[in-house]
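**Q** let me see the structure of the following:
(chains A and B)
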There are 2 protein chains.
Amino acid sequence: MQILNVELGDRSYPIYIGSGISSDKKLLSSSIRGARVAVVTNETVAPLYLKKLKDQLSDFEIIEIILPDGEQYKNLEYLNKIFDSLIEKHCNRDVTLIALGGGVIGDMTGFAAASYQRGVDFIQIPTTLLSQVDSSVGGKTGVNHALGKNMIGAFYQPKAVFIDIDTLDTLPDKELSAGLAEVIKYGLIADAEFFAWLEKNIDRLIARDKSALEQAIFTSCKAKADVVAKDERESGIRALLNLGHTFGHAIETGMGYGTWLHGEAVAAGMVMAADLSRRKGWLDESDLGRIRDLISRAHLPVGGPDSLDVDQYIRLMSVDKKVKQGKIRFVLLEKIGVALVTDDVTEEQLHQTLSACRGG
Amino acid sequence: MQILNVELGDRSYPIYIGSGISSDKKLLSSSIRGARVAVVTNETVAPLYLKKLKDQLSDFEIIEIILPDGEQYKNLEYLNKIFDSLIEKHCNRDVTLIALGGGVIGDMTGFAAASYQRGVDFIQIPTTLLSQVDSSVGGKTGVNHALGKNMIGAFYQPKAVFIDIDTLDTLPDKELSAGLAEVIKYGLIADAEFFAWLEKNIDRLIARDKSALEQAIFTSCKAKADVVAKDERESGIRALLNLGHTFGHAIETGMGYGTWLHGEAVAAGMVMAADLSRRKGWLDESDLGRIRDLISRAHLPVGGPDSLDVDQYIRLMSVDKKVKQGKIRFVLLEKIGVALVTDDVTEEQLHQTLSACRGG
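**A** Model (predicted):
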């Protein structure tokens, strides 16, 4: 087991990474303050892991909250179902919420914990690669709005995160790839050496080699934790973590939540960001080739859907949180391993990229 | 004009108190960082003060969000209407929300600001006495749930609060009295001298004497700010501010939101707390008489509704946030000016108080 401490002053917390760690009853219990826990999970994950988790929580009074599975349920209506259950069971501020599932469950449970009675404890047990390397670090919680993704939420840190590599055994191939998109992102924005390591090990990762997965997850979480420690509330460098996300969110919203997996949309978005970076003269053709190649070897799309046209992208991107004073801000690559934020993109460059990067 | 600084480290903010201060264009503008403001108000307050406020905000792009008036709209559904407007207008993190109205508008706008894109600035212009002395200090924001009051929310501080005494000119008598309930509370929990001042000046306050109102508001806000500065997230002494509220919330929920004004319910709740304190042997009959008398002279109820019985109270109080490990915790009075939190109340004492304090 590896332990990574996310350093955020009095909101610091540990991430435990390893095989079978969600079966460590003592470790789990030590992270819970009160006598009651509410486990929030979904209909896909519950049959796989809920009983096992409940066995580890036998010292606590357990409330089960099982939501339907899917991004389309990540909204205020289903958030309110979590509140319904907590209030019906007369839960007070001493309840601990446990998120057992992927990013949707983590984001919703985190926001429910942030908002229930103005804040209760929560613990994350992310069961997808994407949520393990992304939402387990950084405290971003929230739900979608019909008109925009993650528009409603809070910055709220968990008390602890348990990343059990064994939960990846049951993850569909498509979702494993989606998680690799975020893993590749950390190499692109912060760590050229890690990018090179991924080029060597992508086949082991796709084959679910546990030691490769553990290393990739640890390195990814560490990269994100370093950024978040410097900029918890996303006023500066944290924005770099959004590489591929401005385009990606447009794809997700434009196609309807759930049609494209988040990681797939981000993968296509990263290729767009790389393409735009090449047009700015920062990346060369060979860099772009390496990026497209690695993403492709991770079984991820290297372009957006045919059905979204340039105007739709621009309209969708203009409601993104990354827009400042009306100008769309892009995270681009100066080179592999170094990202920056800029709004210095011409309309022509953007149109060329959006036209070129289709057919994903 | 008086200025009170609420000291909360990097979340500190000023409260400006005086006649006509919401017409101070320069002061208002200096509290806004971006180029856009969204004014959230209701159908009662808008015709009275919205135009005047907009005139002061002529340097900004203004979005108007007008909600129906009433506690029954303080829920996730109407919160979402605020988000709808912000997203439709493509508001980003640089928008400032301005709450123009009473406690419901302040609480909802504050929670909307806390949650919209995970946090934007907000300013409060409270237009009722209750919201001026209560919700303008402390950062409690949120909405009600069908099963409990203020169950969903955040601790989130405004950038500035403008308390314009002139807005009380249009406040209905009933609501002026409701605000006085909270004013009296500060005397009871923290300041025997202020309580004595109120006994002398209650008739001036009821007659809306501006200098008396300004003094009462300043003293109340200061009392609350002192408590909140010591305990922002309500882990300790801040609970004392809930004098009368455990009973009061039971009355509000039991009667249906909006039937009793919050201040009326708190007034009756404070008499119940005082009655229970007498049964504990802390207050004597004459203290109880002074409290009942002052509350009555403020035209407030000195008992709960006839239609709520003892069992209903107990059921309603057991979902309150003040419950810890299943025991109801009460804020009681050791003497006038000194409050404490206790769960050391016998079932008999509680039943006697609930039976005695009816017919409000």
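**Q** need the longest helix for chain A.
**A** Looking only at chain A and at elements set by DSSP state H, the helix with the highest residue count is helix A:210-230.
**Q** residue ranges with poor pLDDT in chain A?
**A** Within chain A, the stretches with pLDDT under 70 are A:257, A:320-326, A:360.
**Q** A:L300 belongs to a helix?
**A** No. When DSSP: H, G, I helix; E, B strand; the rest coil is applied, A:L300 is found to be coil, with no helix at that position.
**Q** and for it, the neighbour number?
**A** Number of residues near A:L300 (other CB atoms under 10 Å in any protein chain shown) recorded here: 24. Where C-beta positions appear, they are placed from N, C-alpha and C, glycine not excepted.
**Q** quick one: contacts for the nearest residue to it once chain neighbours are set aside?
**A** Beyond its immediate neighbours in the sequence, the residue positioned closest to A:L300 (CB to CB, 6 or more residues apart in numbering or on different chains) is A:A267, lying 3.7 Å away. Listed by CB atoms under 8 Å, 6 or more residues apart in numbering or on different chains, the contact set of A:A267 reads A:A178, A:A181, A:I184, A:G244, A:G248, A:I295, A:A298, A:L300, A:P301, A:V302.
**Q** contacts for the longest helix of chain A?
**A** When contacts are defined by CB under 8 Å, 6+ apart, helix A:210-230 is touched by residues A:2, A:4-8, A:15, A:17-19, A:129, A:132-134, A:136-139, A:163, A:165, A:168, A:182-183, A:186, A:189-191, A:194, A:197-198, A:201, A:204-205, A:236-238, A:240-241.
**Q** in strands only, show me those residues.
**A** A:Q2, A:L4, A:N5, A:V6, A:I15, A:I17, A:G18, A:I163 (DSSP state E).
**Q** and the residue nearest to A:T127 when sequence neighbours are not counted, how many neighbours does it have?
**A** Sequence neighbours aside, A:T167 is the residue nearest to A:T127 in space, at 4.1 Å (criterion: CB to CB, 6+ apart). By other CB under 10 Å, 26 other residues sit near A:T167.
**Q** what of A:S30?
**A** A total of 10 residues lie near A:S30 under the criterion other CB under 10 Å.
**Q** again with A:I165
**A** 20.
**Q** re earlier: which residues touch the residue nearest to A:T127?
**A** Here A:T167 is in contact with A:S22, A:L48, A:Y49, A:I125, A:P126, A:T127, A:T128 (CB under 8 Å, 6+ apart).
**Q** can you tell me the SS state at A:V345?
**A** Remark: A:V345 carries the secondary structure label coil [criterion: three-state DSSP].
**Q** could you tell me which residues make contact with it?
**A** By CB under 8 Å, 6+ apart, the contact list for A:V345 reads A:L276, A:K280, A:I328, A:F330, A:L332.
**Q** can you list the residues of the stretch 151-300 of chain A near chain B?
**A** Within the stretch 151-300 of chain A, the positions near chain B by CB under 8 Å from any CB of the partner chain are A:M151, A:I152, A:G153, A:A154, A:F155, A:R233, A:E234.
**Q** skip the chain neighbours and tell me the closest residue to the residue positioned nearest the centre of chain A.
**A** Using CA atoms, centre = their mean, the residue of chain A that lies closest to the mean C-alpha position is A:D134, 3.4 Å off. Excluding the flanking residues, the one nearest A:D134 by CB to CB, 6+ apart is A:E182, at 4.8 Å.
**Q** all helices for chain A, in order.
**A** Remark: helices of chain A, listed N- to C-terminal, are A:25-29, A:51-56, A:76-88, A:103-115, A:129-133, A:173-190, A:192-206, A:210-230, A:245-255, A:262-279, A:285-297, A:310-317, A:347-356; assignment by DSSP H.
**Q** TSV for the ones you listed, including distance to B:H262?
**A** What follows is those, written out as TSV (distance: least, CB to CB, whole Å):
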stretch	distance to B:H262
helix A:25-29	40
helix A:51-56	41
helix A:76-88	20
helix A:103-115	21
helix A:129-133	41
helix A:173-190	46
helix A:192-206	56
helix A:210-230	39
helix A:245-255	40
helix A:262-279	42
helix A:285-297	56
helix A:310-317	42
helix A:347-356	52
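**Q** of those helices, which approaches B:R315 most closely?
**A** Closest of those to B:R315 is helix A:76-88, at 12.9 Å (criterion: CB to CB).
**Q** circling back to that earlier point, could you work out the most separated pair of the contacts of A:V345?
**A** Comparing every pair within those by CB to CB identifies A:K280 and A:I328 as the most remote, at 14.5 Å.
**Q** quick revisit: what about the ones in strands among the contacts of helix A:210-230, which one has the most neighbours?
**A** With neighbours taken as other CB under 10 Å, the top of these is A:I163, carrying 29 neighbours.
**Q** list the contacts of it.
**A** Each residue near A:I163 by CB under 8 Å, 6+ apart is listed here: A:I15, A:Y16, A:I17, A:G18, A:I21, A:P126, A:Q132, A:S136, A:I217, A:C221.
**Q** which residues does it bridge with?
**A** On the basis of DSSP bridges, A:I163 takes part in beta bridges with A:I17.
**Q** quickly note the distance from it to A:M255.
**A** Going from A:I163 to A:M255 by CB to CB, to the nearest Å gives 29 Å.
**Q** what of A:R93?
**A** When A:R93 is compared with A:M255 (using CB to CB), they lie 40 Å apart.
**Q** same question for A:M1.
**A** Counting by CB to CB, the gap between A:M1 and A:M255 amounts to 39 Å.
**Q** try A:L241
**A** Counting by CB to CB, the gap from A:L241 to A:M255 is 23 Å.
**Q** who has more neighbours, the two?
**A** For A:L241 against A:M255, the residue with the higher neighbour count under other CB under 10 Å is A:L241, and the figures read 25 against 15.
**Q** thought that one was touching A:A190?
**A** No. Here A:L241 does not reach A:A190: they are 9.1 Å apart, not a contact under CB atoms under 8 Å.
**Q** list the residues that contact A:S29.
**A** Per CB under 8 Å, 6+ apart, neighbours of A:S29: A:Q56, A:L57, A:D59, A:F60.
**Q** okay, the nearest residue to the last one once chain neighbours are set aside and A:L100: tell me how far apart.
**A** On the basis of CB to CB, 6+ apart, the spatially nearest residue to A:F60 that is not a chain neighbour turns out to be A:V37, at 4.8 Å. With distances taken as CB to CB, A:V37 is found 11 Å from A:L100.
**Q** equivalent analysis for A:L332, please.
**A** Relative to A:L100, A:L332 is positioned 37 Å away (criterion: CB to CB).
**Q** which one of those two has more residues nearby?
**A** The neighbour count for A:L332 versus A:L100, taken as other CB under 10 Å, is higher for A:L100 (30 against 24).
**Q** how many neighbours does the closest residue to the more buried one other than its chain neighbours have?
**A** Residue nearest to A:L100 in three dimensions, not counting chain neighbours: A:T41, with 4.1 Å by CB to CB, 6+ apart. Neighbour count for A:T41, taken as other CB under 10 Å: 26.
**Q** you'd agree A:T41 is up against A:L67?
**A** Yes. When contacts are counted by CB under 8 Å, A:T41 is listed as touching A:L67 (7.4 Å).
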